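Asker: Take a look and give me a structure for this.
(chains A and B)
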Protein chains: 2
Amino acid sequence: MRYKRTAIIGIGLIGGSFALAAKRAGIVETVVGVARSDETLRAALEVSAADEVTTDSAEAVREADLVYIAVPVGATRGVFEQIRDSLAPGALVTDAGSTKREVMQAAAELLPDHVTFIGGHPMAGSEQSGVRAARADLFEEAVYFLIPTDTTSQEDLDRMQQVVRALGAIPSVQTAHNHDRIAAATSHLPHLVSAALASTVAKLAGDNQEVQSFVGTGFTDTTRLAEGSPEVWRDILMSNADNLGDSVEELIGALQTLTVALREADSAACERLLTEAQQARWRLTNQ
Amino acid sequence: MRYKRTAIIGIGLIGGSFALAAKRAGIVETVVGVARSDETLRAALEVSAADEVTTDSAEAVREADLVYIAVPVGATRGVFEQIRDSLAPGALVTDAGSTKREVMQAAAELLPDHVTFIGGHPMAGSEQSGVRAARADLFEEAVYFLIPTDTTSQEDLDRMQQVVRALGAIPSVQTAHNHDRIAAATSHLPHLVSAALASTVAKLAGDNQEVQSFVGTGFTDTTRLAEGSPEVWRDILMSNADNLGDSVEELIGALQTLTVALREADSAACERLLTEAQQARWRLTNQ
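Answerer: Numbers count the residues shown, from 1 in each chain, chains lettered A, B, ... in the order given. I've put the predicted structure just below:
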């Protein structure tokens, strides 16, 4: 397995790390990096994430046998529109978006039959962003979700799994529906909660100058996700709004149950609810 | 400033760290450690957090000129009842509870006039608990809230501030009302949210065996507080239920505002709300 020409559309942290990992594994030859800014393209060349660069996605995919799209989820449809007429027959096309239903739908509508599209979502990231933060080991030991289409052959799915394994990641094949439903609970709900909590505490604090004395690691940990890029997360959350809405309703119910137990000074219920939460977290994070 | 005999009631992580820090600073001579279990008392002696130990709080405070109470908030009233008739005239009595109104009220009702009570709350802790995790440097650079009563003299408040500074901590004088109101937002709300989130994600996951593949650092960070002791946190949250209830209502409002923007696919509103959250967190954690 060796791809002669790989186009990476959106060569930031994820796209750049894919390039470095795939080069290290020896599965790609020439990498063409695409980004909107010259500054990013210069950086991609400097850190050897790309051998050639361009701002033109259509140009980049011409003759590419592997196309890796790593742009904000909401921008993926636009990329498909830009590249659809330039894709080489037989090319393997994949993406790295955090939600999958919209992307799979757009791929089915827009991409030509002579290419293979398989959706992807690596469970990897970093506090940093941008191609200068790219690392060849970013995907090591990470779960990497793969979403085949109705027409994906087993052979093509095997090809894609080989790519993922070459990065050091662990492929997990999912349906888009299942992926987005579970990710709404495990990933998007925590993000929404983190953002809502940060805003709420700031609102409650008002212009009280002493509030910073009260901020400890609890608040810092619980709101860490709110540091994420508003542009990237707007796309992710919007593309999963239906599942997320259901998750938020469940959460509000849990908050209200706890608050009632507290207000009623129901000591046994409070301790039971906190113990259930402790055990729930343990089960979800240890196995 | 030197205390001849210091009673530490509840010699766990906080009580034990106070002992080690105060000894290192040379402000205490003999330390008497109190706990319910012989195992804890043996450990307190082994790590040199105590010179003498007993399970009898009344016995421990007899002749003590400094009394440090570090038990769960809900147990503080019971400790006051146990020690009130044995306290030595002129003793400085303080606690380390995470909420302050209940404790201040109980002290006013129960403690004799011939002692000085000043409430305390060190913003320090550890993922570990118990006296074996105690450290002389636990309070270094930590904010340490002090709550005087209506009758506290400036001289006594100065004595207490000297003790806190000797630990390496930074004293911050507050009213109980102000303390509990701000802590509800910055500390107790994050805890409640963390617990509700862990329970909700577990409920949404049901018996889906694949959910662990989806759990990443986002969920782990956001629910870290849910690991805390249900017994300790039940007390803290219950003793601040009124403020916390108000905070939860604000949070639910913020969650609903975000969810509406997502459901309506209002891209500009989503990005604005996430940007506000990012900026709010930055302001609260950096200054």
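
Asker: okay, now the residue of the stretch 1-150 of chain A found nearest chain B: neighbour count?
Answerer: Nearest to chain B, among the residues of the stretch 1-150 of chain A, is A:V143, at 4.6 Å (C-beta to the nearest C-beta). Every residue, glycine included, has its C-beta placed from N, CA and C. Other residues near A:V143 number 20, with proximity taken as other C-beta atoms under 10 Å in any protein chain shown.

Asker: thought it was touching A:A169?
Answerer: Yes: the pair A:V143 and A:A169 qualifies as a contact (C-beta atoms under 8 Å) at a distance of 7.2 Å.

Asker: quick one, domains of chain A?
Answerer: Domain assignment for chain A by automatic domain parsing gives A:3-174, A:178-285.

Asker: Now the terminal residues of the last one, how far apart.
Answerer: Length of domain A:178-285, first residue to last, C-alpha to C-alpha, to the nearest Å: 20 Å.

Asker: What of the longest one?
Answerer: One end of domain A:3-174 sits 25 Å from the other (C-alpha to C-alpha).

Asker: Between A:V143 and A:A169, which contacts overlap?
Answerer: Both A:V143 and A:A169 are contacted by A:P122, under the criterion C-beta atoms under 8 Å, 6 or more residues apart in numbering or on different chains.

Asker: contacts for stretch A:69-76?
Answerer: Here stretch A:69-76 makes contact (C-beta under 8 Å, 6+ apart) with A:8-12, A:14-15, A:18, A:79, A:93-99, A:102-103, A:106, A:231-232, A:234-236, A:238-239, B:267.

Asker: So which of the residues you listed sit within strands?
Answerer: Among these, the residues falling in strands (DSSP state E) are A:I8, A:I9, A:V93, A:T94, A:D95.

Asker: can you pick the most crowded of those?
Answerer: Counting neighbours by other C-beta under 10 Å, the top entry in the ones in strands among the contacts of stretch A:69-76 is A:I8, with 31 neighbours.

Asker: What is the burial count for the residue lying closest to A:A70 once chain neighbours are set aside?
Answerer: Spatial nearest neighbour of A:A70, excluding adjacent residues (C-beta to C-beta, 6 or more residues apart in numbering or on different chains): A:G15 at 3.6 Å. As a burial measure, the neighbour count of A:G15 was computed by other C-beta under 10 Å and equals 28.

Asker: ok, now how distant is A:G15 from B:D56?
Answerer: A:G15 is 67 Å from B:D56, where distance means C-beta to C-beta, to the nearest Å.

Asker: before we move on, the earlier item: so what's the residue of the stretch 1-150 of chain A closest to chain B up against?
Answerer: Residues in contact with A:V143, defined by C-beta under 8 Å, 6+ apart, are A:P122, A:M123, A:A169, A:I170, A:S172, B:S213, B:F214.

Asker: Look up which residues are beta-bridged to A:L146.
Answerer: In this structure, A:L146 has beta-bridge partners A:G120, A:V173, where bridges are defined by DSSP bridges.

Asker: hang on, it packs against A:T175?
Answerer: No: with contact defined as C-beta under 8 Å, A:L146 and A:T175 do not form a contacting pair (10.7 Å).

Asker: who's in contact with A:V201?
Answerer: When contacts are counted by C-beta under 8 Å, 6+ apart, A:V201 touches A:F219, A:T223, B:A185, B:T186, B:L189, B:P190, B:A280, B:L284.

Asker: ditto for A:P122
Answerer: Neighbouring residues of A:P122 by C-beta under 8 Å, 6+ apart: A:I14, A:A96, A:L138, A:F139, A:A142, A:V143, A:Y144, A:F145, A:L167, A:A169.

Asker: And the pLDDT at A:A269?
Answerer: Looking at A:A269, its pLDDT stands at 97.

Asker: For it, which non-adjacent residue is spatially closest?
Answerer: With sequence-adjacent residues excluded and distances taken as C-beta to C-beta, 6+ apart, A:A269 is closest to A:A261, at 4.0 Å.

Asker: Ok, A:R181 next?
Answerer: For A:R181, the nearest residue in space outside its immediate sequence neighbours is A:N243; the separation is 5.2 Å by C-beta to C-beta, 6+ apart.

Asker: and A:C270, helix, strand or coil?
Answerer: With DSSP: H, G, I helix; E, B strand; the rest coil as the basis, the three-state label of A:C270 is helix.

Asker: Who are the packing partners of the strand or helix carrying A:A22?
Answerer: Assigned by DSSP states H and E, A:A22 belongs to helix A:13-25. Based on contacts counted as 3 or more C-beta pairs under 8 Å, 6 or more residues apart in numbering or on different chains; DSSP states H and E, the elements that helix A:13-25 packs against are strand A:3-9, strand A:28-34, strand A:66-69, helix A:154-166.

Asker: Of all pairs in the contacts of A:V143, which one is the farthest apart?
Answerer: Comparing all pairs in the contacts of A:V143 by C-beta to C-beta, the longest separation belongs to A:A169 and B:F214, at 14.4 Å.

Asker: which of the two has more neighbours?
Answerer: With other C-beta under 10 Å as the criterion, A:A169 and B:F214 differ in neighbour count, and B:F214 comes out ahead with 26 against 23.

Asker: which ones are touching the more buried one?
Answerer: A:M123, A:V143, A:I182, A:A183, A:A185, A:T186, A:S187.

Asker: how does it look with 7 Å?
Answerer: For B:F214, the set of contacting residues under the criterion of C-beta atoms under 7 Å, 6 or more residues apart in numbering or on different chains consists of A:I182, A:A183, A:T186, A:S187.

Asker: and what of A:L13?
Answerer: Residues in contact with A:L13 (C-beta under 7 Å, 6+ apart) are A:S126, A:Q128, A:S129, A:G130, A:V131, A:A133, A:A134.

Asker: And the furthest pair within these?
Answerer: By the measure C-beta to C-beta, the contacts of A:L13 have their two most distant members at A:S126 and A:V131, which lie 11.8 Å apart.

Asker: Show me which of the contacts of A:L13 is closest to A:P112.
Answerer: Checking those one by one against A:P112 (C-beta to C-beta), the nearest turns out to be A:V131, at 29.0 Å.

Asker: Local confidence estimate at the closest residue to the closest one other than its chain neighbours?
Answerer: Once flanking residues are discounted, A:V131 sits nearest to A:G16: 3.8 Å by C-beta to C-beta, 6+ apart. With respect to pLDDT, A:G16 has a value of 98.

Asker: ok, now A:Q287?
Answerer: What the model reports for A:Q287 is a pLDDT of 56.

Asker: How about A:V53?
Answerer: Residue-level confidence at A:V53 comes out at 98, pLDDT.

Asker: Can you pull out the low-pLDDT segments for the stretch 151-287 of chain A?
Answerer: Counting by pLDDT under 70, the ranges of the stretch 151-287 of chain A that qualify are A:287.

Asker: So which bits of the stretch 51-200 of chain A are right by chain B?
Answerer: Counting by C-beta under 7 Å from any C-beta of the partner chain, the residues of the stretch 51-200 of chain A close to chain B are A:123, A:143, A:172, A:182-183, A:185-187, A:189-200.

Asker: so how many other residues sit close to the nearest residue to A:L110 once chain neighbours are set aside?
Answerer: Spatial nearest neighbour of A:L110, chain neighbours left out: A:F80 (4.2 Å); criterion: C-beta to C-beta, 6+ apart. Under the neighbour criterion other C-beta under 10 Å, A:F80 is assigned a count of 21.

Asker: A:F80 contacts A:A108, correct?
Answerer: No: here A:F80 does not reach A:A108: they are 10.1 Å apart, not a contact under C-beta atoms under 7 Å.

Asker: and the most centrally placed residue in chain A, what does it touch?
Answerer: Residue closest to the average C-alpha location in chain A (C-alpha atoms, centre = their mean): A:S98, at 3.3 Å. Applying C-beta under 7 Å, 6+ apart to A:S98 gives the contacts A:V73, A:H121, A:A183, A:I236.
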